[in-house]
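A.B. asks: got a structure for you, letters missing:
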């Protein structure tokens, strides 16, 4: 019987997705079947192209909805439905490692059913490395996690008005 492990990359600092991408690349290099799922992101990000070239299965929205705080109510509803669709798609995944990138932020923004996510996380298949990223994790999730790594922002160019840069932030 293979044990399952739950990893959390959380905090307000840069590097959560980057750490998850690195872990996915490492697992792929060891012959593991990896599924990388992105929530909240619809625009092109450099990591998805690289992961696909490594043979990682990437699941994400094909549509860029923009930022949640800029959406009107109908756009928020449509966006939430898209996030739920992505979660439903991953529930049938058979990867040995499943990364749910930004899933914790989607949950915090009310874009996902906590009960559906909780059921998926706590009842995942035997032997699966499950990796979640986002700023905050609920206490039930912290209690279930085997690995918790917190990224803390000390300094970031955003604070000085520098926009996100291709290859660094996306």
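C.D. replies: Good, I have the coordinates. Being a predicted model, the structure only gives us computed values, none of them experimental. Numbering: from 1, shown residues only.
A.B. asks: what values do phi and psi take at the spatially most central residue of the chain?
C.D. replies: The centre of the chain sits closest to residue 101, judged by Cα atoms, centre = their mean, with a distance of 0.9 Å. In terms of degrees, to the nearest 10, the main-chain angles of residue 101 are phi -80, psi 130.
A.B. asks: measure stretch 112-127 end to end?
C.D. replies: One end of stretch 112-127 sits 25 Å from the other (Cα to Cα, to the nearest Å).
A.B. asks: ignore the last one, stretch 4-17
C.D. replies: End-to-end distance (Cα to Cα), stretch 4-17: 21 Å.
A.B. asks: repeat for stretch 33-43
C.D. replies: For stretch 33-43, the first and last residues are 25 Å from each other (Cα to Cα).
A.B. asks: tell me which residues of it come out buried.
C.D. replies: 34-42 (16 or more other Cβ atoms under 10 Å). Quick note: C-beta positions are derived from backbone N, CA and C, even for glycine.
A.B. asks: count the neighbours of residue 55 for me.
C.D. replies: 11 (other Cβ atoms under 10 Å).
A.B. asks: hang on, the earlier thing: in strands only, show me the buried residues of stretch 33-43.
C.D. replies: Using DSSP state E, 34-38 are the members of the buried residues of stretch 33-43 that sit in strands.
A.B. asks: OK, contacts around residue 5?
C.D. replies: Counting by Cβ atoms under 8 Å, 6 or more residues apart in numbering, residue 5 touches 129-130, 146-147.
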